[in-house]
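A.B. asks: coordinates for the following, if possible.
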Amino acid sequence: MRRRFAAVVVGLLMVITLTAAPKKRKKNEPLALISGTVFQSSGFLLRGAKVVAVSEQERKIKIESQTGERGEFALRVPVAKGPYVVTAEARGFEAQQRTAEVYESQKTTVTFQLKPKQ
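C.D. replies: Residues are numbered from 1 along each chain as shown. Just a heads-up that it's a prediction; the model follows:
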């Protein structure tokens, strides 16, 4: 009975994993890099901030990351999908948006300075 239950659980986990797997990009699809830094309004770096880039032309394309110890982030995005709206947010701070134009094999830098919530 336990083996059957374990087999069912493993099977369900495999189905969930396969259906939730991210869409693979095409081999020759050109990529660009959106990178930058998130600061607090006081000028200090803000680690652990969530950074999301969404294509303005194709809203399904959504790339997420978090800032590291030095408040830095990097997102690889498909080029053909036009400009991206990049949002930075962190607990206790107001979210902020920027628009990033991307070009093939180029790096676009975006900087945020988040203000504390009132």
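
A.B. asks: now do stretch 47-62, average pLDDT.
C.D. replies: Stretch 47-62 comes out with an average pLDDT of 93.

A.B. asks: sorry, that was for stretch 92-110
C.D. replies: The pLDDT scores in stretch 92-110 average 92.

A.B. asks: contacting residues around the residue nearest to residue 78 when sequence neighbours are not counted?
C.D. replies: Taking C-beta to C-beta, 6 or more residues apart in numbering, and ignoring the residues beside it in sequence, residue 78 has residue 29 as its nearest neighbour in space, at 5.6 Å. From N, CA and C alone the C-beta is placed, and that goes for glycine too. The contact partners of residue 29, by C-beta atoms under 8 Å, 6 or more residues apart in numbering, come to 78-80.

A.B. asks: from residue 109, how far off is residue 29?
C.D. replies: Per C-beta to C-beta, to the nearest Å, residue 29 is found 22 Å from residue 109.

A.B. asks: how about residue 36: what's its closest non-neighbour residue?
C.D. replies: Excluding the flanking residues, the one nearest residue 36 by C-beta to C-beta, 6+ apart is residue 110, at 4.0 Å.
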